[in-house]
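**Q** Next come a sequence and a model predicted from it.
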Amino acid sequence: MLFRSKENRELQSLEANLPAWEERRRGLEQQLAAGGSDYAALEVLSADLAALSEQIATGEERWLELSELGG
């Protein structure tokens, strides 16, 4: 039963975090689109965006796994 409770908490956490991560990704994409000539800043933004996109993909996969277990 403890494991089930842990899964429920993880699912709730993902449901809360995924929209926030998506919003942050949109913000990073907008900053990149605005561009500019500060290539060092653009490189940092690109790296942040790549890491965040990976985090979102991993979170979505885990969310699907947990949803299937619960349903």
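**A** Now that the structure is in, tell me what you want to look at.

**Q** I'd like the average pLDDT over stretch 47-64.
**A** Taken as a whole, stretch 47-64 carries a mean pLDDT of 98.

**Q** P19 and W63: what is the separation?
**A** Distance of P19 to W63, given as C-beta to C-beta, to the nearest Å: 11 Å. (Glycine included, C-beta is placed from N, CA and C.)

**Q** Comparing the two, which shows the higher neighbour count?
**A** W63 (17 against 9; other C-beta atoms under 10 Å).

**Q** For the helix or strand encompassing that one, enumerate the helices and strands it packs against.
**A** Applying DSSP states H and E as the criterion places W63 in helix 39-70. Packing partners of helix 39-70 (3 or more C-beta pairs under 8 Å, 6 or more residues apart in numbering; DSSP states H and E): helix 2-34.

**Q** So which elements touch the helix it packs on?
**A** Applying 3+ C-beta pairs under 8 Å, 6+ apart, one finds that helix 2-34 contacts helix 39-70.

**Q** Buried residues, the helix it packs on. List them.
**A** Of all the residues in helix 39-70, those buried under the rule 16 or more other C-beta atoms under 10 Å are L45, L49, L52, I56, G59, W63, L66.

**Q** Test my guess that the last one contacts R9.
**A** No: between L66 and R9 there is no contact, the gap being 10.1 Å when judged by C-beta atoms under 8 Å.

**Q** Identify the residue nearest L32 in space, chain neighbours excluded?
**A** Spatial nearest neighbour of L32, excluding adjacent residues (C-beta to C-beta, 6 or more residues apart in numbering): L45 at 5.3 Å.

**Q** which ones are touching the one you found?
**A** L28, Q31, L32 (C-beta atoms under 8 Å, 6 or more residues apart in numbering).

**Q** Make TSV out of those residues and add distance to E15 and pLDDT.
**A** Below are the contacts of L45 laid out as TSV (distance: C-beta to C-beta, whole Å; pLDDT from 0 to 100):
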residue	distance to E15	pLDDT
L28	22	96
Q31	26	94
L32	27	93
